[in-house]
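**Student:** Based on what follows, work out the 3D shape:
(one chain, ligands or ions: 1)
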Amino acid sequence: MAIYEKAPAKINLTLDILNKRTDGYHEVEMIMTTIDLYDRVELSTLKEDCIKVTLWSRFVPNDERNLAYKAAQAFKEKYAISSGVHIKIDKSIPVSAGLGGGSTDAAAVLRGLNKLWDVQASIEELAHLGATISSDVPFCVYGGTALAKGRGEIIEKLPSPPSCWVVLAKPDIGVSSKSIFQQVHVDKMQHPRTDVMITSLHHNDFFMMCESIGNSLEAVTINQHPEVLQIKNRMKQAGATGVLMSGSGPTVYGLVQQERKAQKIYNAMRGFCKDVFLVRILG
Ligand code: ATP
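**Tutor:** Predicted structure coming up:
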């Protein structure tokens, strides 16, 4: 028997860094929402007690460094499962892009193994286990739209954003989240209005949402990779209503209400960078 799980990417509607904690992590406040760009994860039981990962990507390891592998290992340990699992990942989400690709694969493995081995763990329990793998995994276990606090592991569900199109454009560079966080100076950062974003979601107000998107890490990444600013400017010129970098970058997204306009922006961005996607917000 095989289980198939969709592993959707996320975008950050907001990302705020509040302070640096004594454990070295940053205290964050992020509103994230899932989008219709996803990896496909297939899980099947192996008789021998091992974890095998198959995927075709030059940039992602298929051994114990893979977050999907780590998720299976954590799940097997927690629920004392002695069977093995073969994880096949069909990757569509660009890697090191700020779209949470590794974390969503890990979350899909937790949800999928829960079904494959009929463990019947609650979603909260899976999210808790996910926090031991990486900070964005708990959000990805739930999906939808949520405010993530703490290191990212405290999740408060929010209403879905107003329905709209998302144009994603990723310059041909990978950004290491670690190196961006190392350059953060909390007192010098701009902070997004998380409270206004929450109000816009409750009011289902597209324009208020576009006005309140914000990312404290954007200036840090732009300082290292000026291409991100060029893509932002291009996306604005093309007519997107709200434009922001997601996560630690470098992917820039544009929010648009009308499909025809979104298609036009998508075409304009394709002349400018290689990885461009036109998707809907799922949140
Ligand atoms: P985030 O937005 O959560 O910071 P990201 O989208 O910037 O994440 P990922 O695509 O998750 O970044 O990749 C970051 C690193 O994780 C890469 O070095 C990659 O090799 C590693 N990695 C481990 N497992 C996976 C996986 N299943 N898919 C993608 N990357 C993975």
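
**Student:** now A238: how far from the ligand?
**Tutor:** Using C-beta to the nearest ligand atom, to the nearest Å, A238 is found at 24 Å from the ligand. (Glycine included, C-beta is placed from N, CA and C.)

**Student:** Also D275?
**Tutor:** Remark: distance between D275 and the ligand (C-beta to the nearest ligand atom) = 12 Å.

**Student:** Need the pLDDT of the nearest residue to that residue once chain neighbours are set aside.
**Tutor:** Here the nearest residue to D275 in space, its sequence neighbours aside, is K170; by C-beta to C-beta, 6 or more residues apart in numbering that works out to 4.0 Å. If you check K170, the pLDDT there is 96.

**Student:** Which residue ranges of the stretch 101-250 of the chain form helices?
**Tutor:** Ranges of helices in the stretch 101-250 of the chain, per DSSP state H, counting those that start in this stretch, are 101-116, 123-130, 137-142, 177-182, 194-202, 206-212, 218-224, 227-238.

**Student:** Output those helices as TSV; include the columns distance to R151, mean neighbour count and mean pLDDT.
**Tutor:** TSV is the format used below for the helices of the stretch 101-250 of the chain (distance: least, C-beta to C-beta, whole Å; neighbours: other C-beta atoms under 10 Å; pLDDT from 0 to 100):
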stretch	distance to R151	mean neighbour count	mean pLDDT
helix 101-116	12	26	98
helix 123-130	12	19	98
helix 137-142	9	27	98
helix 177-182	11	14	88
helix 194-202	16	17	98
helix 206-212	23	18	98
helix 218-224	18	19	95
helix 227-238	24	19	96
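
**Student:** Save those helices as a markdown table, and put in distance to Y25 too.
**Tutor:** Below are these laid out as a markdown table (distance: least, C-beta to C-beta, whole Å):
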| stretch | distance to Y25 |
| --- | --- |
| helix 101-116 | 15 |
| helix 123-130 | 16 |
| helix 137-142 | 14 |
| helix 177-182 | 9 |
| helix 194-202 | 19 |
| helix 206-212 | 25 |
| helix 218-224 | 16 |
| helix 227-238 | 24 |
